[in-house]
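J.: Structure for this input, please:
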Amino acid sequence: MRKLTVLFFLCTFSLLFGKSITVRTVNELYAAVNGIEKNLTITLKPGSYDLTPISVTDSTLGNALNPDSMITVTTGLHLVGKNIKLIGTDRRKTIIRTHAGYGIFIEHCPEVLIKDLTISDGIRNQDGNATSGAIVVKHSDMEITGCIIENNQGDFSKTIAGIIGICGREGADLYLHNNVIRDNSWDGIALYRKAKACIYDNLIYNGRGAGIGITWNANADIARNVIHHYWKGIGSFGTSTVYVYNNLVRDVRGWGIIASGNSDILCQNNEVRRCGNVGIALWDYTAHMQIIGNVINQSGQEKQWVAPLVGIWINAPDSLAEIRSNLFWGNAQADVAYGYKEPGPAGADFTFDHTSEKFNNFTFLPTSTLNSANYYSLSYKEPAYSSLMQVMENPSAGIFAGDKNHSIWSWDPDKEPF
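T.: Numbers count the residues shown, from 1 in each chain. Here you go, the predicted model:
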């Protein structure tokens, strides 16, 4: 009787708290994931886990005009209907090489954690409707933290779109924080239909597409991220609702932060620096945007590609966009510009119609320190800048506010968010 009682409690404990497994090889990883356990913590020892891709069905289309169709894609690891944690022992030495379009594909999982792993070597699916990504999530709650998502390139010569770092699809509820997403061939983070995410404290750089793209009817809260050396920075599309604050977007080729379609975006206390074309833009008159307390400087570093070479461009002359308490300097053609006019100067396709300085904004000429590669420091505060901060609506916010003991940032954006 006593043995039966002990066995009962052991089974109950396993059901409530799950099973913990340590793996050292890819075969052990597959055995653990494909087992009968529904609540599972897998600790991966350092090593290279080279996955073998399999074909699976993506039952809907994430970024197509008509989503009610299905396609066949490849995945390296398919997680379905489980509470599962994948935790690396050393993020730099524990490497999952997916060799697949949907590297790790998560569907219908109540709770998933991926932590302290490197995920790399994806191969782009050649169907243009595939939302290939190192991690693709549908109908699941998921946290991704402490990971390095890198070198997912693949052949995108036909599809144009490459491999996304993290892709949130239908029904995904994501918490993405303290990751490095670099050297991938498409958006760093992309959300599509009915996905939602909190995106905090990530370093996203060296890629094609946008650092962060929120489209269709997805929603996102985006704070304290650093994005650089991408085609574009942070964009809202479709009917999405997005809050963008305390981010550093610098050295991108096209735009820094935009609202387009029928999206709604609050853009507050960001720095947008050295954009190739425009710093911040309201792309369509149907979009709604508040632009408050941002630092917008040195826009227009490249020949016109997608927008005029200005700090803020409102491509809707009658827009009611709220623009106040921003700081500007060194923007090539204007700080704030309105409208669309053809043709543009020096062979450009178009330009703005007129400029305006009627808002409660400020122009500030930089010192040599401010012209450095990235003048933000947890321990440094530019005195001249601080004096201007006092007149801004929320001087305690923004990525430059505070010192090393009081900053809202917990990491140096010249380094990694670990």
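J.: For the chain, which residues score under the pLDDT cut-off?
T.: Residue ranges of the chain with pLDDT under 70: 1-17, 317-318, 358-360, 363-408.
J.: how about a cut-off of 50?
T.: Along the chain, the parts satisfying pLDDT under 50 run over 1-15, 367-397, 402-406.
J.: Could you identify the longest strand within it?
T.: Using DSSP state E, we find that the single longest strand of the chain is strand 71-80.
J.: Show me what secondary structure element comes after it.
T.: Using DSSP states H and E, the helix or strand that directly follows strand 71-80 along the chain is strand 83-88.
J.: In PDB, could you pull the C-alpha coordinates for that next one?
T.: C-alpha atoms of strand 83-88 as PDB (Å, rounded to 0.1, in the frame of the first residue of the first chain):
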ATOM      1  CA  ASN A  83       4.700  23.000 -22.300                       C
ATOM      2  CA  ILE A  84       8.400  22.800 -23.000                       C
ATOM      3  CA  LYS A  85      11.600  24.600 -22.000                       C
ATOM      4  CA  LEU A  86      14.800  24.500 -24.100                       C
ATOM      5  CA  ILE A  87      17.600  25.900 -22.100                       C
ATOM      6  CA  GLY A  88      21.300  26.100 -23.200                       C
END
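J.: Packing partners of it?
T.: strand 39-44, strand 111-115 (3 or more C-beta pairs under 8 Å, 6 or more residues apart in numbering; DSSP states H and E). Heads up, the C-betas are built off the backbone N, CA and C, glycines and all.
J.: Tell me which helix or strand comes right after that strand.
T.: strand 94-97.
J.: For residue 412, find the nearest of the helices and strands packed on strand 83-88.
T.: strand 111-115 (21.7 Å; C-beta to C-beta).
J.: Which residues belonging to that closest one are considered buried?
T.: Neighbour-count burial for strand 111-115, counted by 16 or more other C-beta atoms under 10 Å, picks out 112-115.
J.: hang on, the earlier thing: for the helices and strands packed on strand 83-88, give me TSV that also has distance to residue 85.
T.: Output for those, formatted as TSV (distance: least, C-beta to C-beta, whole Å):
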stretch	distance to residue 85
strand 39-44	4
strand 111-115	4
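J.: CA atoms only: put stretch 54-63 into PDB for me.
T.: Extracted C-alpha coordinates of stretch 54-63, given in PDB (Å, rounded to 0.1, in the frame of the first residue of the first chain):
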ATOM      1  CA  ILE A  54      11.400  17.400 -42.200                       C
ATOM      2  CA  SER A  55       8.500  18.500 -44.400                       C
ATOM      3  CA  VAL A  56       5.400  19.800 -42.500                       C
ATOM      4  CA  THR A  57       2.200  21.700 -43.500                       C
ATOM      5  CA  ASP A  58       1.800  25.300 -42.700                       C
ATOM      6  CA  SER A  59      -2.000  25.400 -42.500                       C
ATOM      7  CA  THR A  60      -2.400  29.100 -43.200                       C
ATOM      8  CA  LEU A  61      -0.400  31.800 -44.900                       C
ATOM      9  CA  GLY A  62       1.200  34.400 -42.600                       C
ATOM     10  CA  ASN A  63       1.900  37.300 -45.000                       C
END
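J.: ok so, going back, among the helices and strands packed on strand 83-88, which is nearest residue 253?
T.: Per C-beta to C-beta, nearest to residue 253 of the helices and strands packed on strand 83-88: strand 111-115, 30.0 Å.
J.: strands paired with the closest one, and their directions?
T.: Next to strand 111-115 in the sheet, as set by DSSP bridges, lie strand 83-88 (parallel), strand 141-145 (parallel).
J.: Off-centre distance for stretch 42-60?
T.: 22 Å (C-alpha atoms, centre = their mean, to the nearest Å).
J.: End to end on it, go ahead and measure it.
T.: In terms of C-alpha to C-alpha, to the nearest Å, the two terminal residues of stretch 42-60 are separated by 29 Å.
J.: Helices of this protein, start to end?
T.: 2-17, 26-33, 383-389 (DSSP state H).
J.: Buried residues, the second one. List them.
T.: Of the residues in helix 26-33, those buried by neighbour count under the rule 16+ other C-beta under 10 Å are 26, 28-29, 32-33.
J.: Reformat those residues as TSV; add distance to residue 302.
T.: Formatted as TSV, those follow (distance: C-beta to C-beta, whole Å):
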residue	distance to residue 302
26	44
28	49
29	44
32	49
33	45
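J.: Which one of these is nearest to residue 19?
T.: Lowest distance from residue 19 to the buried residues of helix 26-33 (C-beta to C-beta) belongs to residue 32, with 8.7 Å.
J.: which residues touch the nearest residue to residue 168 once chain neighbours are set aside?
T.: Leaving aside its sequence neighbours, residue 168 sits nearest to residue 195 (C-beta to C-beta, 6 or more residues apart in numbering; 3.5 Å). By C-beta atoms under 8 Å, 6 or more residues apart in numbering, the contact set of residue 195 is 137, 168-174, 218-219.
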